[in-house]
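[1] one predicted model, sequence on top.
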Amino acid sequence: MDLSSLFWVSRLDRKRPRRQVKRSIFVPSLVNGEGIFFAISSHGDNKMGKLKIGFIGAGTVGTALAVRLKRQGYDIAAVTSRSLSSARRLNEMTGDVVVYNTPQEVADHTDLVFITTTDDAIQLIVDAVRWHQGKYVVHCSGADSLDVLEPARMVGAQVGSFHPLQTFASIQKAIDNLSGSTFALEAEGALLEQLKELALSLEGRWIKLDAGDKAAYHAAAVITSNYLVTLVKLATDLWGSFGIPADQAIQALLPLLKGTLNNIENLSVPNALTGPIARGDIGTVQIHLNTLKETAPAIIPAYCQLGLQTIPVALAKGKINENQAKELEDILHQTLKTFSERDEKCVQC
Ligand SMILES: NC(=O)c1ccc[n+]([C@@H]2O[C@H](COP(=O)([O-])OP(=O)(O)OC[C@H]3O[C@@H](n4cnc5c(N)ncnc54)[C@H](OP(=O)(O)O)[C@@H]3O)[C@@H](O)[C@H]2O)c1
């Protein structure tokens, strides 16, 4: 028998301080297929437990990571930020963190440096610091690849990225929402293992990205999060056309949004899809287009493009046939064509 099928190693208690975290093995009973967990070791010898961690940039993500990692027993040793007040706030919320004036001092006094500045500042910081062999240097940007950390890598530092796939509107929200988030990791070797440990300690999951995956990964995050906000804005604007103010519209649309997310979570895509395209109600789509031409012509291209992307989902759900799909495609393509020709004429006139 393949022994790997007998052991499932899992983390039992991620809320305990780091040094008390236990590993367990799950041993299935050969009699009834069930099994029990055994704690097998503590992590007192784990390198991450002894690492000094520093933060350059004490904003939302840096502060939230520092607070949550400190709670897990990690040694958050140093911080600096553009303004002293932000660095001091991180120290007040975390405790026992030395506030330094410069990124260089944080780099010199720690083993693992998180650069949690705005994306645009990462390169400036990396270029300005003298890095040393053996350091771990990590950024949290979803958009930047590891290329921005090249000056550190060139002198022998191990570089990586640790991107929480989450939206953090404030430090407190970030502290709460880190749990359950997925962390996209770009790193190799020992640093990759350390970052996996960190993600699990934060009660998150992790995925590993290869070089070149980052842009597509980040575009997906933008579509899921940012463009959802834009879609809600378009919807509330439409409610404005029949006299309902945005705050009331949001109140009315939120249960619909939450219901949809709930369906995605429980039924998955494509079964979560409802509405005229999922049903093949071609007449309803035509009524929408006629109305939008009058009330909100600017959003017709977005409506048509999203509709075209929705047709394969409806087909996958199995509620429409190829003929209905073709008819829907024709209407949406034709409307798009009419609009782009109209726009071209406007540019010429
Ligand atoms: N917020 C999110 O939802 C989210 C989600 C995933 C990943 N991220 C990533 O996390 C990183 C941090 O984002 P954030 O939302 O935490 O940004 P943020 O709240 O704006 O914080 C950025 C911090 O960087 C500091 N900073 C800017 N320029 C600096 C410089 N030249 N030297 C030192 N410190 C500097 C600022 O310092 P002062 O306050 O001192 O001026 C600020 O506190 C970014 O790479 C972002 O892409 C963010």
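    Received the coordinates, thanks. Residues are numbered from 1 along each chain as shown.

[2] just give the number of residues close to whichever residue of the chain sits closest to the ligand.
    Nearest residue of the chain to the ligand (Cβ to the nearest ligand atom) works out as G59 at 1.7 Å. From N, CA and C alone the C-beta is placed, and that goes for glycine too. Neighbour count for G59, taken as other Cβ atoms under 10 Å: 19.

[3] who's in contact with it?
    Applying Cβ atoms under 8 Å, 6 or more residues apart in numbering to G59 gives the contacts 81, 86, 116-118, 171.

[4] then G62?
    55-56, 79, 81, 90, 114, 116-117, 140.

[5] what comes up buried for the helix or strand where it lies?
    Assigning secondary structure by DSSP states H and E places G62 in helix 60-71. For helix 60-71, a neighbour-count test (16 or more other Cβ atoms under 10 Å) marks 60-71 as buried.

[6] mind putting those in a markdown table, distance to Q324 and pLDDT included?
    Below are those laid out as a markdown table (distance: Cβ to Cβ, whole Å; pLDDT from 0 to 100):
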| residue | distance to Q324 | pLDDT |
| --- | --- | --- |
| T60 | 46 | 98 |
| V61 | 46 | 98 |
| G62 | 51 | 98 |
| T63 | 52 | 98 |
| A64 | 48 | 98 |
| L65 | 49 | 98 |
| A66 | 54 | 98 |
| V67 | 53 | 98 |
| R68 | 50 | 97 |
| L69 | 53 | 97 |
| K70 | 57 | 97 |
| R71 | 54 | 96 |
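
[7] sheet partners, orientation included, of whichever helix or strand comes after the helix holding G62?
    Sequence order places strand 75-80 as the next helix or strand after helix 60-71, per DSSP H and E. Sheet pairing of strand 75-80 (DSSP bridges) gives strand 52-56 (parallel), strand 98-99 (parallel).

[8] next SSE after the host helix or strand of A174?
    Using DSSP H and E, A174 sits within helix 171-177. Next helix or strand after helix 171-177 toward the C-terminus (DSSP H and E): strand 182-186.

[9] partner strands of that next one, parallel or antiparallel?
    strand 158-164 (antiparallel), strand 205-208 (parallel).

[10] number of residues surrounding A272?
    18.

[11] could you pull up phi and psi at it?
    phi -70, psi -10 (degrees, to the nearest 10).

[12] pretty sure it sits against T310.
    No: here A272 lies out of contact with T310, judged by Cβ atoms under 8 Å, at a distance of 11.7 Å.

[13] mind giving me the packing neighbours of the longest helix along the chain?
    Taking DSSP state H as the criterion, the chain has its longest helix at helix 322-348. Counting contacts by 3 or more Cβ pairs under 8 Å, 6 or more residues apart in numbering; DSSP states H and E, helix 322-348 packs against helix 282-295, helix 300-317.

[14] any idea of the angle that helix forms with helix 282-295?
    10 degrees (axes from the mean of the first three to the mean of the last three Cα atoms, to 10 degrees).

[15] tell me how far helix 322-348 lies from the chain's centre.
    Taking the mean of its C-alpha atoms, helix 322-348 sits 34 Å from the chain's own mean (Cα atoms, centre = their mean, to the nearest Å).

[16] follow-up on the earlier one: tell me the buried residues in the helix holding A174?
    Per 16+ other Cβ under 10 Å, helix 171-177 contains these buried residues: 171, 174-175, 177.

[17] okay if I get these as TSV plus pLDDT and distance to I264?
    Shown next, in TSV, are those (pLDDT from 0 to 100; distance: Cβ to Cβ, whole Å):
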residue	pLDDT	distance to I264
I171	97	28
A174	96	23
I175	97	26
N177	93	18
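
[18] of those, which is the nearest to A187?
    Of all the buried residues of helix 171-177, A187 sits closest to A174, with 21.7 Å by Cβ to Cβ.

[19] next up, the contacts around that closest one.
    The contact partners of A174, by Cβ under 8 Å, 6+ apart, come to 60-61, 63-64, 166, 168.
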